[in-house]
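**Student:** have a look at this prediction, sequence included:
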Amino acid sequence: MSQPILKVSELTKSYGAIQAVRSVSFEVPAGEIFGVIGPNGSGKTTLFNSMLGQITPDSGRIEFKGEDVTRLGPLELNRKGVGRTFQTLQVFPKMSVMDNLLVAAQEHEGNKWSRLWSLHSNTIDERANHLIDQFRIRHVAHQRAGELSYGQQKLVDIAMAFMREPDVVLLDEPCAGVNPSLVGEIGRLLRALNEEKGGSFVVIEHNMDFVMSLCHRVMVMVEGEILAIGTPDEIRANDAVLNAYLGN
Ligand SMILES: Nc1ncnc2c1ncn2[C@@H]1O[C@H](COP(=O)(O)OP(=O)(O)O)[C@@H](O)[C@H]1O
Ligand SMILES: [Mg+2]
């Protein structure tokens, strides 16, 4: 079996008396779309923020492509190839869609001069144009991002995460506040990016239809622990999951 892109071992994080994440271990193989579901307060965000270097776990280990990254911060992880989208929009409202993508490519990277250089680099232009077509936002490419509908801004926001060609992207509730037709569009895009480039994704999402139709495997968390990991069919048929979560 090939080396996992992400490997989490015995991860634990407490806030005072609350054990937000308790000894959680799992692996995400390269090329997998891995879903994380669970009721509110089950530790999903704490787990996610640990994998993104936003918080330091109390114990346990996180590996990215075989390297121990447990103590790295968000910028270092991003540079290494761990991308993310936030639950809230991160677009620059006064900049055009195209400029948002160009800036996303060189965020945090190099000095002023190398940034200027990279703004004019062909490969970055090509990547932006490719994503604009793929995300079907060509008709708004030169409009200010802040003038677009929420759903279109969400697409721009997700496209921005791909400008740095990450090896894995962690998406925090990509469908939150998004209308049903756009939920389908986001699913189609992530599937295409997965099939085209073998992109790996970890997705936290409450929309169960989205998770079950998109993800290769799903992990269910309850009270900081893993209740089950399996294919969508296995998760749907899992009695413990039905009782603790899906049944509600
Ligand atoms: N910064 C924090 N300070 C104190 N408690 C927190 C903090 N973040 C999360 N928690 C607690 O940890 C538990 C897990 O929260 P969280 O990871 O946000 O779960 P989820 O994302 O699944 O809703 C909850 O009981 C929550 O109240
Ligand atoms: Mg959360």
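**Tutor:** Great, that's in hand. Numbering: from 1, shown residues only. Ligands and ions are numbered 1, 2, ... in the order given.

**Student:** okay, now the domains of the chain?
**Tutor:** In the domain annotation for the chain, the residue ranges read 1-81+166-248, 92-165 (automatic domain parsing).

**Student:** which of these comes out lowest on mean pLDDT?
**Tutor:** Per-segment mean pLDDT for these reaches its minimum on domain 92-165, at a mean of 84.

**Student:** circling back to that earlier point, any chance of the domains of the chain in JSON lines, plus mean neighbour count?
**Tutor:** (Each C-beta comes from the backbone N, C-alpha and C, glycine too.) What follows is these, written out as JSON lines (neighbours: other C-beta atoms under 10 Å):
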{"stretch": "domain 1-81+166-248", "mean neighbour count": "18"}
{"stretch": "domain 92-165", "mean neighbour count": "17"}
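
**Student:** between those domains, which gets nearest to ligand 1?
**Tutor:** domain 1-81+166-248 (3.2 Å; C-beta to the nearest ligand atom).

**Student:** that closest one and ligand 1 in contact?
**Tutor:** Yes. With C-beta under 6 Å from any ligand atom as the criterion, ligand 1 is reached by domain 1-81+166-248 at 15, 18, 20, 38, 40-46.

**Student:** from those residues, which land in strands?
**Tutor:** Applying DSSP state E to the residues of domain 1-81+166-248 next to ligand 1, the entries found in strands are 15, 18, 20.

**Student:** tell me what the first one is bridged to.
**Tutor:** When bridges are called by DSSP bridges, residue 15 pairs up with residue 18.

**Student:** direction included, what does the helix or strand encompassing residue 220 pair up with?
**Tutor:** Under the criterion of DSSP states H and E, residue 220 resides in strand 217-222. Sheet pairing for strand 217-222, assigned by DSSP bridges, gives strand 33-37 (parallel), strand 225-230 (antiparallel).

**Student:** tell me which helix or strand the closest residue to residue 65 other than its chain neighbours sits in.
**Tutor:** Leaving aside its chain neighbours, residue 65 sits nearest to residue 5 (6.1 Å; criterion: C-beta to C-beta, 6 or more residues apart in numbering). Assigned by DSSP H and E, residue 5 belongs to strand 4-15.

**Student:** output the contacting helices and strands for that strand.
**Tutor:** Judged by 3 or more C-beta pairs under 8 Å, 6 or more residues apart in numbering; DSSP states H and E, the packing partners of strand 4-15 are strand 18-29, helix 44-51, strand 59-64, strand 200-204.

**Student:** 6 Å - rerun?
**Tutor:** Packing partners of strand 4-15 (3 or more C-beta pairs under 6 Å, 6 or more residues apart in numbering; DSSP states H and E): strand 18-29, strand 59-64.

**Student:** just the angle between the longest helix along the chain and strand 33-37, please?
**Tutor:** Assignment by DSSP state H gives helix 180-197 as the longest helix of the chain. On the basis of axes from the mean of the first three to the mean of the last three C-alpha atoms, to 10 degrees, helix 180-197 is oriented at 140 degrees to strand 33-37.

**Student:** tell me what helix 180-197 is packed against?
**Tutor:** Looks like helix 180-197 contacts helix 208-214 (3+ C-beta pairs under 6 Å, 6+ apart).

**Student:** now do the helix it packs on: distance to the chain's middle.
**Tutor:** Taking C-alpha atoms, centre = their mean, to the nearest Å, one finds helix 208-214 lying 15 Å from the centre of the chain it belongs to.

**Student:** who are the packing partners of it?
**Tutor:** Applying 3+ C-beta pairs under 6 Å, 6+ apart, one finds that helix 208-214 contacts strand 33-37, helix 180-197.
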